[in-house]
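A.B. asks: show me how the following folds:
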Amino acid sequence: MKFAGYILSIVSFLALPVFALAEDGNGAKRLEELEKRIKILEEKGAAPKAEPAPSPAVPALPSSATGISRVFNPAFSVNGLFLGTYRSEKNKDQTADVKTGLNVQELELQATAYIDTYLRGDIVLSLPTAESIEIEEAIVDFVPMRNLSARAGKFLAAFGKHNQLHTHQFPFIDAPLVSSELFGESLNEKGVGLNWVAPSPWYSEVNFQLLEGENAAALNSRFNDDFGYLLHNKNLWDLNEDTTAELGGSYLYGKNNAETHNATHAVGGNLTVKWKPVRRAIYNTLIWQTEYLAAFKENGIDPVSDVKLYDDRGGVYTSLQYQFARRWWIQGRYDYFGLHAANDANDKQRWSGLLAFVPSEFSAVRLQYNHLDYANSGTLGLKNEHQVLLQLNFTMGSHPAHKY
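C.D. replies: Numbers count the residues shown, from 1 in each chain. The predicted model follows:
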């Protein structure tokens with residue numbers, strides 16, 4: 001306000017004599033009087049002194065109401081999953097992964113920020129069942145150019161479609177059977193990776209990742225110098241203004257812990273078609289997703305026949321998700337695990353149905369029913385079972401966008 005007053009005083013103080021000069025022929029006298037007034041203003045310091053420019057070595061940062069810049073502060077978010085479960089079987093088994101009862105399925109704390117012009121950091125801490133804490137992801141991404149980036153840290157490996165999702169991002173409350181059987185909870189490894197977007201007419205992304213190879217179900221070599229090598233390709237097409245199609249393929253190679261130098265080869269393929277009409281984007285969505293995964297594991301040598309043993313396993317799932325109103329979804333899924341196996345002793349299949357109420361992108365209440373069917377339930381002592389799952393899924397804070 002003081003500065004504005006100074007400017008107004010100067011304008012009014014100088015403008016009147018100028019107009020007077022234009023009307024009065026006695027210009028010399030008026031000019032002399034004007035110079036005196038300018039000198040008086042200069043002596044009084046009417047014009048505020050300019051602030052010195054900041055040093056080039058210390059760039060000026062935007063300030064906040066507190067006078068402290070928040071530019072480099074991480075964005076924090078908390079994801080919570082509360083789960084109620086009913087199982088028709090295994091209620092006497094205290095070691096069962098899924099139990100009848102109420103539980104905190106998971107709490108997840110995420111911090112993400114741009115470190116500088118080229119680096120971005122993400123840290124995800126997970127509290128499964130709210131009883132322990134573990135580092136789910138700790139990533140630094142280096143982006144030197146638009147179509148090339150590098151990654152280092154601990155992360156969900158880019159194998160297939162579902163493995164790259166955090167628990168609160170799952171399309172259904174539980175993971176597909178084949179994902180759990182091949183990799184346990186997930187293929188989550190320490191490693192480094194390169195990501196390249198190819199200059200093709202469609203979106204084509206290629207990932208190469210070097211992994212520590214610690215996954216107990218698929219790798220877990222006895223030697224420290226045995227790593228996992230992963231190659232993943234993702235392609236995306238716009239079929240029309242409302243529909244996209246995604247096709248991906250994955251390959252993983254590494255040594256396992258069966259015996260000396262036995263290897264595991266894992267392959268995967270996924271197809272996703274998404275329809276989201278532009279004119280009714282908040283009211284209708286249809287997603288069809290199918291994924292095939294398999295692992296071919298060398299399992300040592302038979303001491304009697306001297307023939308190499310193999311443990312080949314695979315499976316597939318397909319799902320349909322339909323948003324029929326602004327806040328309502330209905331979904332269905334079919335799982336099968338038992339492909340490539342020498343016998344069908346461990347084969348199983350599952351049908352799932354889900355109804356979700358989604359008030360916003362920050363919360364959802366989901367009710368899911370599973371019918372789990374074992375191929376040899378009588379022989380193995382396993383019984384087909386019914387499961388009912390009720391989940392509250394919520395997010396607090398600034399959360400990064402989910403994968404497309």
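A.B. asks: can you pull out the helices in the stretch 101-250 of the chain?
C.D. replies: In the stretch 101-250 of the chain, the segments counted as helices under DSSP state H, counting those that start in this stretch are 177-183.
A.B. asks: which stretches in it count as strands?
C.D. replies: Assigned by DSSP state E, counting those that start in this stretch, the stretch 101-250 of the chain shows strands spanning 101-114, 119-128, 134-145, 148-156, 188-197, 203-211, 228-238, 243-255.
A.B. asks: do you know which of those strands lies nearest residue 332?
C.D. replies: Nearest of these to residue 332, taken as CB to CB: strand 243-255 at 19.8 Å. Placement of C-beta: from N, CA and C, glycine included.
A.B. asks: pairing partners for the closest one, with directions?
C.D. replies: The strands beside strand 243-255 in its sheet (DSSP bridges) come out as strand 228-238 (antiparallel), strand 263-275 (antiparallel).
A.B. asks: run the chain-centre distance for the longest one.
C.D. replies: Spelled out, that is strand 263-275. Taking CA atoms, centre = their mean, to the nearest Å, one finds strand 263-275 lying 18 Å from the centre of the chain it belongs to.
A.B. asks: buried residues, that strand. List them.
C.D. replies: By neighbour count on 16 or more other CB atoms under 10 Å, the buried set for strand 263-275 is 264, 266-270, 272-274.
A.B. asks: adding distance to residue 35 and pLDDT, write those residues out as CSV.
C.D. replies: Below are these laid out as CSV (distance: CB to CB, whole Å; pLDDT from 0 to 100):
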residue, distance to residue 35, pLDDT
264, 92, 94
266, 88, 97
267, 89, 98
268, 85, 97
269, 86, 98
270, 82, 98
272, 79, 98
273, 81, 98
274, 76, 97
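A.B. asks: please export the C-alpha coordinates of stretch 184-193 as CSV.
C.D. replies: This file holds the C-alpha atoms of stretch 184-193, laid out as CSV (Å, rounded to 0.1, in the frame of the first residue of the first chain):
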residue,chain,number,x,y,z
GLY,A,184,3.6,-65.9,-3.3
GLU,A,185,2.4,-62.5,-2.3
SER,A,186,4.2,-60.8,-5.3
LEU,A,187,7.4,-60.7,-7.3
ASN,A,188,8.9,-57.9,-5.2
GLU,A,189,12.7,-57.6,-5.6
LYS,A,190,15.7,-55.3,-5.1
GLY,A,191,17.2,-54.4,-8.4
VAL,A,192,17.9,-51.9,-11.2
GLY,A,193,16.0,-51.4,-14.5
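A.B. asks: contacts for it, please.
C.D. replies: Stretch 184-193 has contacts (CB atoms under 8 Å, 6 or more residues apart in numbering) with 136-137, 150-159, 163, 175, 179, 207-218, 227-228, 230, 252.
A.B. asks: re the thing from before, out of the strands of the stretch 101-250 of the chain, nearest to residue 389?
C.D. replies: Of these, nearest to residue 389 by CB to CB is strand 101-114, at 9.4 Å.
A.B. asks: what comes up buried for that closest one?
C.D. replies: In terms of neighbour count (16+ other CB under 10 Å), strand 101-114 has its buried residues at 103, 105-112.
A.B. asks: same question, stretch 34-44
C.D. replies: By 16+ other CB under 10 Å, the buried positions in stretch 34-44 come out as 34, 41.
A.B. asks: re the thing from before, which one of the strands paired with strand 243-255 lies closest to residue 316?
C.D. replies: strand 263-275 (9.5 Å).
A.B. asks: what are the contacting residues of the closest one?
C.D. replies: By CB under 8 Å, 6+ apart, the residues outside strand 263-275 that reach it are 159-161, 182, 218-219, 239, 242-256, 285-298.
A.B. asks: relative to strand 243-255, how tilted is the helix or strand where residue 293 lies?
C.D. replies: Taking DSSP states H and E as the definition, one finds residue 293 inside strand 285-301. Interaxial angle, strand 285-301 versus strand 243-255 (axes from the mean of the first three to the mean of the last three CA atoms, to 10 degrees): 10 degrees.
A.B. asks: output the below-cut-off pLDDT ranges for the protein.
C.D. replies: Across the chain, the ranges flagged by pLDDT under 70 are 1-29, 42-72, 260, 377-381.
A.B. asks: could you list the domains of this structure?
C.D. replies: Per automatic domain parsing, the structural domains of the chain span 2-44, 75-397.
A.B. asks: deepest-packed of these, please.
C.D. replies: Mean neighbour count (mean count of other CB atoms under 10 Å) peaks for domain 75-397 among the domains of the chain, with a mean of 16.
A.B. asks: centre of the chain to that one, how far?
C.D. replies: Put simply, domain 75-397 sits 12 Å off its chain's centre (CA atoms, centre = their mean).
A.B. asks: how long is it end to end?
C.D. replies: Distance between the boundary residues of domain 75-397 (CA to CA, to the nearest Å) amounts to 8 Å.
A.B. asks: which one is residue 254 nearest to, not counting chain neighbours?
C.D. replies: Leaving aside its sequence neighbours, residue 254 sits nearest to residue 228 (CB to CB, 6 or more residues apart in numbering; 3.6 Å).
A.B. asks: ok, that neighbour - contacts?
C.D. replies: Neighbour list for residue 228: 189, 191, 210-213, 215, 219, 252-254 [criterion: CB under 8 Å, 6+ apart].
A.B. asks: and for residue 235?
C.D. replies: With CB under 8 Å, 6+ apart, residue 235 has these contacts: 202-205, 246-248.
A.B. asks: any chance of TSV for the domains of the chain, columns distance to residue 403?
C.D. replies: Shown next, in TSV, are the domains of the chain (distance: least, CB to CB, whole Å):
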stretch	distance to residue 403
domain 2-44	51
domain 75-397	6
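A.B. asks: which of the ones you listed sits closest to residue 404?
C.D. replies: Closest among these, using CB to CB: domain 75-397, at 7.7 Å.
A.B. asks: returning to what we had before: who does the strand holding residue 293 pair up with?
C.D. replies: Applying DSSP bridges, one finds strand 285-301 paired with strand 263-275 (antiparallel), strand 308-325 (antiparallel).
A.B. asks: after the longest one, which helix or strand is next?
C.D. replies: Beyond strand 308-325 in the direction of the C-terminus, DSSP H and E gives the next helix or strand as strand 328-339.
A.B. asks: tell me which helix or strand comes right after that following strand.
C.D. replies: Trace forward from strand 328-339 with DSSP H and E and the next one is strand 348-360.
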